[in-house]
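A.B. asks: please work out how this folds:
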Amino acid sequence: MQPKERVKAVYAGQNPDCVPLMLDLSHWYKKNKEVPFDLAGFTGVERGLVELHQRLGAVAYVEMGKFYSLYSDDADVKLESFTRDGVFVTRINTPLGELHEERVFNPESYSYGIRQYLLESTEDFEIVEYLMQSLCCRPNWELYHAWEDALGPLAYPYAQLPYSGSGYLIARYMGVEKTVYALMDEPERVKKFIDTVNRCNLRILETIIDGPFETLIISDNYDSNVQTKDFFDRYVRDYYTEVARRLHAEGKYLAVHVDGESRGVLGRLAECSVDCADALTPSPMFALTPAQMRAEAGSELILSGGIPATVFGPGASEKKFVDCVRKWLETRFESSRLIMAAGDQVPPEADWDRIAMLPELVEKYGKY
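C.D. replies: So this is what the prediction gives:
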């Protein structure tokens, strides 16, 4: 089978000949190839990144730029993002006021840390709500097809919705501490904000749902240490369920980017009819072993991930790395709903020789 055919088989509930290998090499590529890092994303096919995937035979699925643009049909609204002197700035102007966020580039980690959150308190909510009610979506499937053409059998691009309302607050624009205080002090105000963001996302989904993608991802960076069951049930469950329902009606699939503590989360995602839990990181970085993840998820939820950053990098021995990969692949005997991937992105400090071991390891230990 071709690499992307294995991915398609897993999503379709069929047995591939071997566990698919999918990797997000974008961060590793930018740091190690000294490619300027702009949070606005790629605007075209990045040939160097394509070549890395071709060297490995690993499927590419994320970090390919934006397959649509968002704009406001209200002349009094202005939404802009730009990078200046290593600072990525997001600005929102509406008749109700102005907000801005600043993220500062760190050359050591090759990432952008948040210096100033967009939202300081619930008093800022109405500005974002005004924006969300006016946003429109313009697809850019030309970029999608360009990546498909460049990657060939290694292409399985995920389309992506913006953060859900809960992810918007916790993972991105307000932060954990301020969001928790807001939830304690003004739960109904927070619920109104989350619902407004989610309604906007559902309008975006309506616009893109007939596009060429097969799987859509919600990159909420869910973490059960912060987002409890009560939080999930009140602010997340109905939204994920509705997105999954709409996608399934069109023969498409839903993945949710976890990238945090998954204990307690996997069963909830399965209950919402989510198809894939992406960026899963097992022990020793988080609590669950691969076998425990499968037991909690049940047999139908696709588990995608498996390699903690602490094991991928130079801090762990080659034996630990191989053992980690083997334990993940062993769960294929419980369910073929399995993808071999990094816990999130391949960390930039990972040695290329270690990354290059993955195709051989998957071939050796991942066949059915």
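
A.B. asks: hang on, Lys191 packs against Arg234?
C.D. replies: Yes - in this structure Lys191 lies within contact range of Arg234 using C-beta atoms under 8 Å: 7.2 Å. (C-beta placed from N, C-alpha, C; glycine too.)

A.B. asks: can you list the residue ranges for strands in the stretch 51-200 of the chain?
C.D. replies: Counting by DSSP state E, counting those that start in this stretch, one finds strands in the stretch 51-200 of the chain at the ranges 68-72, 78-84, 87-94, 97-106, 111-116, 135-139, 159-161.

A.B. asks: adding distance to Asp185, mean neighbour count and mean pLDDT, write these out as CSV.
C.D. replies: Shown next, in CSV, are the strands of the stretch 51-200 of the chain (distance: least, C-beta to C-beta, whole Å; neighbours: other C-beta atoms under 10 Å; pLDDT from 0 to 100):
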stretch, distance to Asp185, mean neighbour count, mean pLDDT
strand 68-72, 30, 15, 96
strand 78-84, 28, 13, 92
strand 87-94, 23, 18, 96
strand 97-106, 20, 15, 96
strand 111-116, 22, 14, 93
strand 135-139, 28, 15, 97
strand 159-161, 28, 22, 97
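
A.B. asks: quick check, central residue of this protein?
C.D. replies: Geometric centre of the chain, nearest residue: Ser219, 3.5 Å, by C-alpha atoms, centre = their mean.

A.B. asks: verify the stated contact: Gly366 with Met340.
C.D. replies: Yes - Gly366 is within contact range of Met340, at 6.4 Å (criterion: C-beta under 8 Å).

A.B. asks: okay, those two: which has more neighbours?
C.D. replies: Comparing Gly366 with Met340 by other C-beta atoms under 10 Å, the one with more neighbours is Met340, at 26 against 23.

A.B. asks: state the phi and psi torsions of that one.
C.D. replies: phi -90, psi 120 (degrees, to the nearest 10).

A.B. asks: repeat that for Asn32.
C.D. replies: phi -80, psi -20.

A.B. asks: wait, what's in contact with Lys30?
C.D. replies: Shown in contact with Lys30 (C-beta atoms under 8 Å, 6 or more residues apart in numbering): 36-37, 110, 348.

A.B. asks: rewinding a little: so for the residue nearest to the centre of the chain, what's the pLDDT?
C.D. replies: For Ser219, the model assigns a pLDDT of 94.

A.B. asks: next one: Ala182
C.D. replies: For Ala182, the model assigns a pLDDT of 97.

A.B. asks: and it, how close does it get to Tyr240?
C.D. replies: Remark: distance between Ala182 and Tyr240 (C-beta to C-beta, to the nearest Å) = 21 Å.

A.B. asks: these two: which is more packed in?
C.D. replies: For Ala182 versus Tyr240, neighbours defined as other C-beta under 10 Å are more numerous around Tyr240 (24 against 19).

A.B. asks: can you pull the residues that touch both of Gly366 and Met340?
C.D. replies: Taking C-beta under 8 Å, 6+ apart as the criterion, Gly366 and Met340 both touch 19, 329.

A.B. asks: contacting residues around the residue lying closest to Asp275 once chain neighbours are set aside?
C.D. replies: Nearest non-adjacent residue to Asp275, counting by C-beta to C-beta, 6 or more residues apart in numbering: Tyr253, 4.2 Å away. Tyr253 sits next to 11, 214-216, 247, 275-276 when contact means C-beta under 8 Å, 6+ apart.
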